[in-house]
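Asker: after the sequence you'll find the predicted model.
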Amino acid sequence: NAGVTQTPKFQVLKTGQSMTLQCAQDMNHEYMSWYRQDPGMGLRLIHYSVGAGITDQGEVPNGYNVSRSTTEDFPLRLLSAAPSQTSVYFCASSYLGQGTEAFFGQGTRLTVV
Amino acid sequence: GESVGLHLPTLSVQEGDNSIINCAYSNSASDYFIWYKQESGKGPQFIIDIRSNMDKRQGQRVTVLLNKTVKHLSLQIAATQPGDSAVYFCAEETSYDKVIFGPGTSLSVIP
């Protein structure tokens, strides 16, 4: 059981470049989400999805796009990377509904220069 | 606005002592709270949770206390071990699809 798998683990981008952070889960969870983690700021929600074909914005969605074509995959796209997007990104999944534990991936450390 | 915060950003304890990590929340409508542990280079992992209809919940060496009157949450770790060194986050579920995380407390265990 792989759980939540994120790729890549590390990435360096130049300002203005685009890329996609991949996230896949094999637990048949309806709910998937992306967070960014910055020093002293905890985890901030970027985008989330409650099921295939449904996505919504979190606290800090600007500069990021998502799609959810399957239950398993929830990629995060940076269309034009900016230095302010330098962060560690975590994908999480859980069953839908209140009171459910979230499972996190190992994270992607992104540096934008 | 909504917020979940921690009183102490860092905490150092001697091995074998008990640790207490505190958290304040502001949304009185939240009814589910979770503590996560994040080890260096890894994603957060679930430790223990508590629903708003409870005041206390115990796990293996961990206890979570919830005081709804003052909107305060705490995580107690008994007989702290070096493997407990990590960053601990409290999280507040404000609706079925929204979870707010606090900034985290770094726990350092002194051998």
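Answerer: Arrived safely, thanks for sending.
Asker: now do the helix or strand A:W34 falls within: distance to the chain's middle.
Answerer: Assessed by DSSP states H and E, A:W34 sits inside strand A:31-37. How far strand A:31-37 lies from its chain's middle: 4 Å, per CA atoms, centre = their mean, to the nearest Å.
Asker: which residues touch the nearest residue to A:Q17 once chain neighbours are set aside?
Answerer: The shortest distance from A:Q17 to any non-neighbouring residue, by CB to CB, 6 or more residues apart in numbering or on different chains, is to A:A81 (5.2 Å). (Glycine included, C-beta is placed from N, CA and C.) Taking CB atoms under 8 Å, 6 or more residues apart in numbering or on different chains, we find A:A81 in contact with A:13-19, A:110, A:112.
Asker: sorry, back to before: and the strand holding A:W34, what other elements does it pack with?
Answerer: When contacts are defined as 3 or more CB pairs under 8 Å, 6 or more residues apart in numbering or on different chains; DSSP states H and E, strand A:31-37 sits against strand A:19-25, strand A:43-51, strand A:87-94.
Asker: same thing but at 7 Å, please
Answerer: When contacts are defined as 3 or more CB pairs under 7 Å, 6 or more residues apart in numbering or on different chains; DSSP states H and E, strand A:31-37 packs onto strand A:43-51, strand A:87-94.
Asker: residue 67: neighbour count?
Answerer: Because you didn't say which chain, this covers chain A. 16 (other CB atoms under 10 Å in any protein chain shown).
Asker: sorry, should have said chain B
Answerer: Neighbour tally, B:N67, other CB under 10 Å: 12.
Asker: on that earlier part again, the contacts of A:A81, buried ones only, as a ChimeraX selection?
Answerer: Per 16 or more other CB atoms under 10 Å in any protein chain shown, the buried members of the contacts of A:A81 correspond to this ChimeraX selection:
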select /A:13,19,110,112
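Asker: pipe the contacts of A:A81 into a markdown table and attach pLDDT and secondary structure per row.
Answerer: Listed next are these as a markdown table, based on pLDDT from 0 to 100; DSSP: H, G, I helix; E, B strand; the rest coil:
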| residue | pLDDT | secondary structure |
| --- | --- | --- |
| A:L13 | 97 | strand |
| A:K14 | 98 | coil |
| A:T15 | 98 | coil |
| A:G16 | 97 | coil |
| A:Q17 | 97 | coil |
| A:S18 | 96 | coil |
| A:M19 | 96 | strand |
| A:L110 | 97 | strand |
| A:V112 | 97 | strand |
